[in-house]
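**Student:** Structure of the sequence below:
(chains A and B, ligands or ions: 4)
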Amino acid sequence: MSAGAGPVPGAVHVLGPLEQVPVGEGRAFGVAGEQIAVFRLRDGSLRAVSAVCPHKGGPIADGTIDRTVVMCPLHQHSFDLATGCSTTGAGPLHSYPVTADGEGNIVLQLP
Amino acid sequence: MTTLASRSLRPKNIDLRRRLVVIGNGMAGARAVEEILARGGEAQYRITMFGDEPYGNYNRIMLSHVLSGEEDTGNIFLNSLAWYRENNITLHAGVRVQKIDRFAKLVFSDDGRATPYDVLVIATGSRSHLPPMDGMYMPGGMLLPGIFAFRTIDDARNMVAYAQQDHHHRAVVIGGGLLGLEAARGLQSHGIDVEVVHSGGHLMNVQMGPDGGAVLRRSVEALGIRVHTSSRTTAILGDDRVRGVRLRDKPDIDCDMVVVAAGIRPNVEVAVTSGLPVERAIVVDDHMRVPDEDEIYAVGECVQHRGEVYGLVAPLWEQAAVLADNVTGANPKAAYLGTRTATKLKVAGVDVASMGLQAPERDTDEHVVFSEPSRGVFKSIVIRDGKIVGATLLGDSRKVAYLTQAFDRGLPLPEERVALLFDVGGPGEEAGVAELDGDAQVCNCNGVSKQALVDTVKGGCTTLAGVMDATRAGKGCGSCKLLVRQVVEWAADGAVAEDLAASYYVPGVPLEKAELLKAVREQGLRSVSAVFAALAPGGAEDAKSKMGLASLLKMMWAGEYIDERDARFVNDRVHANIQRDGTFSVVPQMKGGVTSPDQLRRIADVADKYKVPLVKLTGGQRIDLLGVPKEDLPKVWADLGMPSGYAYGKSFRTVKTCVGQEFCRYGTGDSTKLGIEIESRFQGIESPAKLKLAVSGCPRNCAESLVKDVGVVAVEGGRWEIYVGGAAGAHIRKGDLLATVDDPETVTLLAGRFMQYYRERANWLERTYAFVPRVGIEHLRSVIVDDAEGLGAQLDAAMQQSVDAYVDPWAERDDPLTPGQFRTSLPLTVLPQVPVR
Ligand code: SRM
Ligand SMILES: Cc1cc2nc3c(=O)[nH]c(=O)nc-3n(C[C@H](O)[C@H](O)[C@H](O)COP(=O)(O)OP(=O)(O)OC[C@H]3O[C@@H](n4cnc5c(N)ncnc54)[C@H](O)[C@@H]3O)c2cc1C
Ligand code: SF4
Ligand code: FES
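**Tutor:** Ligands and ions are numbered 1, 2, ... in the order given. Sure, this is the predicted structure:
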């Protein structure tokens, strides 16, 4: 598969070591042309949503999270980390299935 | 021997206090005395009051309710006779003062008394104006029975008694202003048929324009009150009592009583005959002092201040406070600068509010009008330079509170002007209440703020009557009752839990600040995750609460705080302020606004090297490099070699200074040096909200110290004034004077102690401009300056701990704390791409 040809439906991407994302924070990744924010919750589990806030383009990976939501740093809209739906009336983010593999890598699947 | 002995004892009994005499025992006179007592005036003055009316002081505004029978005369007293006794005030009730001898400092009254004074307060108020009409007086000079003025408790009682006599059915009220309409409505409640005769072209022509007046007329007539405008009463008919009135060019009207409400005239006779300056009323300066008379003050409706004579109570409260500040020396600089008055009609069935201009005056004035006469609704707003300068609202009082506030304070207005008139798409009345500031005054008569009402509801009092009793709100003129109800309903609304949450320090932990501090301390919770685990329902984290908790724990534990980076807001993770495009701004520390050629050169080089899009001087006297990508931050800091200026945190920000003594020809203190010292000491300490300071070298205040969280002003004699709680951002407030001290060391000490007290007591995001008035400057002074609660040492030590724990966060440039701390999150630039498996 060549990169840049746009996302391949259902494709699985390895984003590298888990340690890139500190506990409780998020980091952004470019995946097949998509901008994706990956979060590592305090219980160790991962969540992935689109990295661009639907409100005014805020950087979601810089947001503050808890167990259920991420809050955009620009105007504090909140989004459910599991579904991407806004809890404050903004448009939704995409959410992506994400896990860690046996070697401690982040593995993300595009829809 | 014995005589000598008893004589030598006598001086002990001599009262050394100065003599304060007040002429006029009405709302202004009594309020001024209350304010004087509140400032410890009893220790300075022996107080004597003269009142023409044979009573204590009552709430004149309530006479409308007495007339309508809604209120009993017994219930409207503000100061009963017992109050005068308890406060050792000599009251001569029913005694009229006739003349003042300014040179002998004596007051002569109609009971033959000559009373000496050291300080004199004139508060003689006004009386009803009785325009000349034929047939008003009986041959002996008495008013014809059945003619009434509407000014005093006796007037109201006599009117009620007269109206209730069986054979009296009809009344004419002369005057269609505020008072006349209230009188008309009041008489109706005694079964009297009322007509209003008004010489103006429309009702309430002082307060509103003809269009509003026309709508008001419909509403008043709908209540069954007939209205005659542009009608002048030329004569009262009847020989033994009132039988009717004669109008110019119109048929006579039969009636049994006449109420004259055709305006008021200040009571200035005493002042005139005593040689004091009187124009339309007694002239006073900004200190409420009669010009050229050091010891004579005047207050209330009898005064003319900067050309204005007021006929409402709101100005009088402000005047009384200023007068007391000056008379007691509590604040010899206190100045009254005038009041923007708003009036409301308090008759059941008609909602009228009006303020400022009736209509546009300049070509550039905006005029927003809505008129729906069939429903009795009329709204008109005049806007100049984006501020409300006048409004008339009839038949719909929902926006009144907000508009009054906007008018009072010159608040910025919504782009869509229609939102001023209606709650567009909003939830109606509630929005009106919700958008009021906490310190907005809901009850103007008794000075009760929205916050006071909300606090009372929070204190567990949820009935309207209970809240009114507890706060006295709505117990003055009563025109605010609807608003009080709305605020109470709003404050007590819905899930009580939600209501409680408003008092939590952060939404996710159900504890008020004091309880939270206690729990954190007792359980030794040193990290944000530990606080959630121990204190949040179900141990659940809450994103909205993290930043507030992180700040609080850092304040409490200083060096022992366990810093979890995810609890910080992004600004505090990367020590810069995030901007709309996801880049950051860099503001290096520039203590006291002082820089050097070397610093400027480095800043210039950095700006070149990193192609900084905008280099700007900030309002905080330093230089901002805007538009720096996250990944460049560590390099930028390294090249600058300057510490962080904390322009991003909820923390101590800056100390602005002026050039001060060293260079300025007026400077009386080294403001620059002190500003730098303060900034060096308190740099970066976190607090519930931003702390911005200033030090000025003299009262010209070039560093704007009066509008800072903590502002310091050097004054003559090497002394320093410390102001707290000032603001000039979203909110404008002049700081309160905390103390005047002798040396810069004490300034630093007290400023630190104040800031620590604020850090420990203020709510999250509560700036000092809200905190200081909430806890009160007197209280702060006693805790911080007088150390009345013995907290001083503890506060100083806690502050010292925070000072000692300071580390420049830009040191993280060499050693990022978390992986990818400065990696871009910015979707607009190319992110690291990963290969597909
Ligand atoms: C840079 C600066 C404007 C300038 O170019 O001069 C500035 C910029 C911002 N101000 Fe300010 N304020 C700046 C001086 C002021 C001042 C004047 C002063 O400090 O002497 C005030 C009035 C004083 C005050 O604080 O009350 C001021 C009152 C505000 C307020 C209103 C606070 C209030 O409660 O009244 C906010 C909003 C807030 O804090 O919620 C605010 C918020 C902001 C923020 C941080 C908005 C934000 O969260 O992003 C702005 C950051 C812009 C950016 O993209 O970096 N800024 N701001 C000034 C930085 C001063 C400094 O050197 O630190
Ligand atoms: C019926 C009515 C309704 C009102 N409604 C409102 C309202 O809704 N909102 C509002 O803001 N305002 C209202 N007002 C106006 C408000 O009552 C006055 O602004 C306020 O009372 C003025 O206070 P004052 O102390 O200056 O005068 P006053 O309250 O009139 O007090 C002056 C006192 O001095 C006494 N006095 C005068 N000369 C002498 C002398 N030579 N010797 C001794 N004593 C003297 C007088 O007898 C009087 O008791 C209303 C007034 C009336 C009459
Ligand atoms: S505050 Fe006074 S001393 Fe300082 S610069 Fe201004 S005028 Fe000069
Ligand atoms: S851009 Fe995210 S909330 Fe506005």
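**Student:** helices or strands next to the top helix by length along chain B in the packing?
**Tutor:** Using DSSP state H to define each element, chain B has its longest helix at helix B:744-761. When contacts are defined as 3 or more C-beta pairs under 8 Å, 6 or more residues apart in numbering or on different chains; DSSP states H and E, helix B:744-761 sits against helix B:513-523, helix B:671-682, strand B:691-696, strand B:710-715, strand B:719-724, strand B:736-741, helix B:768-775, helix B:792-804. Using the backbone N, CA and C atoms, a C-beta is placed for each residue, glycine as well.
**Student:** Find the nearest non-adjacent residue to the single nearest residue of chain A relative to chain B, please.
**Tutor:** Nearest residue of chain A to chain B (C-beta to the nearest C-beta) works out as residue A:24 at 2.5 Å. Distances taken as C-beta to C-beta, 6 or more residues apart in numbering or on different chains place residue B:566 nearest to residue A:24, at 2.5 Å, with adjacent residues excluded.
**Student:** and the longest helix of chain B, how far out from the chain's middle?
**Tutor:** In terms of C-alpha atoms, centre = their mean, to the nearest Å, the centre of helix B:744-761 is found 25 Å from the chain centre.
**Student:** Also stretch B:370-387?
**Tutor:** In terms of C-alpha atoms, centre = their mean, the centre of stretch B:370-387 is set 26 Å apart from its chain centre.
**Student:** Buried residues, that stretch. List them.
**Tutor:** By neighbour count with 16 or more other C-beta atoms under 10 Å in any protein chain shown, stretch B:370-387 contains the buried residues B:373, B:376-384.
**Student:** distance of the residue of the stretch 1-150 of chain B found nearest ligand 4 from residue B:87?
**Tutor:** Ranked by C-beta to the nearest ligand atom, the top residue of the stretch 1-150 of chain B for proximity to ligand 4 is residue B:38, at 47.9 Å. Relative to residue B:87, residue B:38 is positioned 11 Å away (C-beta to C-beta, to the nearest Å).
**Student:** Please apply the same query to residue B:375.
**Tutor:** Separation of residue B:375 from residue B:87 (C-beta to C-beta): 50 Å.
**Student:** can you check residue A:45 too?
**Tutor:** 69 Å.
**Student:** I'd say residue B:46 and residue B:19 touch.
**Tutor:** Yes: at 5.2 Å, residue B:46 and residue B:19 qualify as touching, with contact defined as C-beta atoms under 8 Å.
**Student:** Low-confidence stretches in chain B?
**Tutor:** Along chain B, the model assigns pLDDT under 70 to residues B:1-13, B:348, B:423-432, B:475-479, B:493-502, B:827-837.
**Student:** My error: substitute chain A in the last question.
**Tutor:** Chain A contains residues with pLDDT under 70 at A:1-7.
**Student:** Show me where it has its strands.
**Tutor:** A:12-17, A:26-31, A:34-40, A:46-50, A:64-65, A:69-71, A:78-80, A:95-96, A:98-100, A:105-109 (DSSP state E).
**Student:** Turn the ones you listed into JSON lines, including mean neighbour count and distance to chain B.
**Tutor:** Shown next, in JSON lines, are the strands of chain A (neighbours: other C-beta atoms under 10 Å in any protein chain shown; distance: least, C-beta to the nearest C-beta, whole Å):
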{"stretch": "strand A:12-17", "mean neighbour count": "17", "distance to chain B": "5"}
{"stretch": "strand A:26-31", "mean neighbour count": "24", "distance to chain B": "3"}
{"stretch": "strand A:34-40", "mean neighbour count": "24", "distance to chain B": "4"}
{"stretch": "strand A:46-50", "mean neighbour count": "23", "distance to chain B": "9"}
{"stretch": "strand A:64-65", "mean neighbour count": "26", "distance to chain B": "5"}
{"stretch": "strand A:69-71", "mean neighbour count": "24", "distance to chain B": "5"}
{"stretch": "strand A:78-80", "mean neighbour count": "23", "distance to chain B": "7"}
{"stretch": "strand A:95-96", "mean neighbour count": "20", "distance to chain B": "13"}
{"stretch": "strand A:98-100", "mean neighbour count": "16", "distance to chain B": "13"}
{"stretch": "strand A:105-109", "mean neighbour count": "18", "distance to chain B": "9"}
